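K.L.:
sequence first, then the predicted structure:
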Amino acid sequence: MSAANIVTGATDSLLDSVLTDGRPTDLDTLGVVAFGGFAHFTAMQVRDGAVRGLDLHVDRVVDASRRLFGAELAPERVRSDLRAALASAPPDLSLTMTVFDSHREFTNEPVEPLLRTMVRTGPPSSGPEGPLALGIFEHERFMPEIKQVGEGAKTYFMRRARDEGFDDAAFVDREGRVSEASIWNLAFWDGEAVVWPRAEILTGTRMGILQRRLESVGIEQRTETVRVQELSTYQGAAVINSWTAGIEVRQIGETPFAGSSALVKVLRDAYENEPPVQP
């Protein structure tokens, strides 16, 4: 394999490195993922070489591999490939681990899945500053419990929202329940408790961190059905993903929120109680 066929990181590029199974990625392997969508991933922010909620990321990757491919991926392998990516990386960065089947997609041969990991690192991020206004669209994702590659609908609705004067998109399902946003979990605030929407959603790793840390500090939280016509009963709303523990939402559809900054403070304060862990 020639040096020209190895993907290496350039310090002046947004892409610092791409490793497959802990080793430099060749272009043929990169093409399997770049031109395919049958894969899942987890995304995280690394600070000082450590990750908050690392156990949730590992559990997500292992569980999604079992659900999507019907195959086992050892937790220690996940951690080992993360360590390989961080070994020569700067202490602060963004990291995405993608898991794919090397037999590619659109095949139906009776062979056992051969799972591989691809880890991409890049500059650290904290997401948009906010506050955000979210347009409302009816949309349900396939296997929403899995963080999947190739979900073009999320970008489509995000841009639809932009064209309609919003910053991003929020989704309702066929039953009229508010579920999540394009690349975000949603949280609401009634002045005393954090409210999580009851619907078929992806439980994000930061959402998982927040749920256990809110419980540990005694902040009330509950899960309930949230409908568009009931949004005005909440004082605040926030979006959460791997970038941030909370960004203010000032409006969803036609409903404004005046208390979102209070919710974001509760969420971010709770998140700070989660200890960073090295892989």
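P.N.:
Thanks, I have the structure now.
K.L.:
how about stretch 253-260, which residues are buried there?
P.N.:
Of the residues in stretch 253-260, 253, 255, 257, 259-260 count as buried by neighbour count, 16 or more other Cβ atoms under 10 Å. To be clear about C-beta, it is placed using only N, CA and C from the backbone, and glycine gets the same treatment.
K.L.:
now the strands for the stretch 101-250 of the chain?
P.N.:
Here the stretch 101-250 of the chain has its strands, by DSSP state E, counting those that start in this stretch, at 115-122, 132-138, 168-172, 178-181, 185-189, 193-197, 220-224, 236-241, 244-252.
K.L.:
those: which one's closest to residue 52?
P.N.:
Residue 52 lies closest to strand 244-252 among the strands of the stretch 101-250 of the chain, at 9.1 Å (Cβ to Cβ).
K.L.:
so how far is that closest one off the chain centroid?
P.N.:
Relative to the centre of its chain, strand 244-252 is centred 15 Å away, using Cα atoms, centre = their mean, to the nearest Å.
K.L.:
give me the below-cutoff pLDDT ranges for the stretch 101-250 of the chain.
P.N.:
Nowhere does the stretch 101-250 of the chain drop to pLDDT under 70.
K.L.:
which helices and strands does the longest helix along the chain pack with?
P.N.:
Ranked by residue count and defined by DSSP state H, the top helix of the chain is helix 54-69. Counting contacts by 3 or more Cβ pairs under 8 Å, 6 or more residues apart in numbering; DSSP states H and E, helix 54-69 packs against strand 39-46, helix 75-86, strand 93-101, helix 205-216.
K.L.:
a markdown table for the ones you listed, including distance to residue 194 and mean neighbour count?
P.N.:
As requested, the helices and strands packed on helix 54-69 are arranged in a markdown table below (distance: least, Cβ to Cβ, whole Å; neighbours: other Cβ atoms under 10 Å):
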| stretch | distance to residue 194 | mean neighbour count |
| --- | --- | --- |
| strand 39-46 | 21 | 21 |
| helix 75-86 | 29 | 18 |
| strand 93-101 | 26 | 22 |
| helix 205-216 | 6 | 20 |
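K.L.:
report the contact partners of residue 225.
P.N.:
Counting by Cβ atoms under 8 Å, 6 or more residues apart in numbering, residue 225 makes contact with 177, 197-199.
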